[in-house]
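Q: Next comes the sequence, and after it the predicted model I'd like to discuss.
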Amino acid sequence: GWGRVVVEAMVAGLPVVMTDVGLAGELVRNGREGFIVAVNDEKGFADALATMAGDRVLRIRMGIRAKHTVSECLTNSREEYLAEYRASFVRLVGAKKSLVSR
């Protein structure tokens, strides 16, 4: 799904380390706004965290990119946000109904 914590981290100017689900590839691009690691790849996740922890310049650069990337996606008003949220909910419900009817 669309992990809210990922968006909140990016808005705060923080780089992200995440598994390859949800926002991976949409907002977080591997090596740009953070690192994307395969699901269940514990070593890869630990390595990504170690890389991030060991390189202050990388963290800052990715954090700046993260904030810029997510700010381009944010809507301008409460009404626009609610309209987009409502539309995504309707798509989700429609997809679930489609799966159930199979």
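A: Happy to help now that I have it.
Q: Can I take it that residue 18 is in a helix?
A: No: secondary structure of residue 18 (DSSP: H, G, I helix; E, B strand; the rest coil): strand, not part of a helix.
Q: can you count the residues close to residue 86?
A: Counted with other CB atoms under 10 Å, the neighbours of residue 86 add up to 10. From N, CA and C alone the C-beta is placed, and that goes for glycine too.
Q: Who are the contact partners of it?
A: By CB atoms under 8 Å, 6 or more residues apart in numbering, no residues touch residue 86.
Q: Distance check, it against residue 92.
A: Using CB to CB, to the nearest Å, residue 86 is found at 11 Å from residue 92.
Q: Equivalent analysis for residue 9, please.
A: Counting by CB to CB, the gap from residue 9 to residue 92 is 23 Å.
Q: Same drill for these two, tell me which one is more crowded.
A: residue 9 (22 against 11).
Q: just the CA coordinates of whichever strand or helix holds residue 94, formatted as PDB?
A: In this structure, residue 94 is located in helix 78-100 according to DSSP states H and E. C-alpha atoms of helix 78-100 as PDB (Å, rounded to 0.1, in the frame of the first residue of the first chain):
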ATOM      1  CA  ARG A  78      -7.800  20.000   1.400                       C
ATOM      2  CA  GLU A  79     -10.500  19.500  -1.200                       C
ATOM      3  CA  GLU A  80      -8.100  18.100  -3.800                       C
ATOM      4  CA  TYR A  81      -6.600  15.800  -1.200                       C
ATOM      5  CA  LEU A  82     -10.000  14.500  -0.200                       C
ATOM      6  CA  ALA A  83     -11.100  14.000  -3.800                       C
ATOM      7  CA  GLU A  84      -7.900  12.000  -4.500                       C
ATOM      8  CA  TYR A  85      -8.300  10.000  -1.300                       C
ATOM      9  CA  ARG A  86     -12.000   9.200  -2.200                       C
ATOM     10  CA  ALA A  87     -11.000   8.200  -5.700                       C
ATOM     11  CA  SER A  88      -8.300   5.800  -4.500                       C
ATOM     12  CA  PHE A  89     -10.700   4.300  -2.000                       C
ATOM     13  CA  VAL A  90     -13.300   3.700  -4.700                       C
ATOM     14  CA  ARG A  91     -10.700   2.100  -6.900                       C
ATOM     15  CA  LEU A  92      -9.600  -0.200  -4.000                       C
ATOM     16  CA  VAL A  93     -13.200  -1.200  -3.300                       C
ATOM     17  CA  GLY A  94     -13.800  -1.900  -7.000                       C
ATOM     18  CA  ALA A  95     -10.600  -4.000  -7.100                       C
ATOM     19  CA  LYS A  96     -11.600  -6.000  -4.100                       C
ATOM     20  CA  LYS A  97     -15.100  -6.700  -5.500                       C
ATOM     21  CA  SER A  98     -13.500  -7.800  -8.700                       C
ATOM     22  CA  LEU A  99     -11.300 -10.300  -6.800                       C
ATOM     23  CA  VAL A 100     -14.200 -11.600  -4.800                       C
END
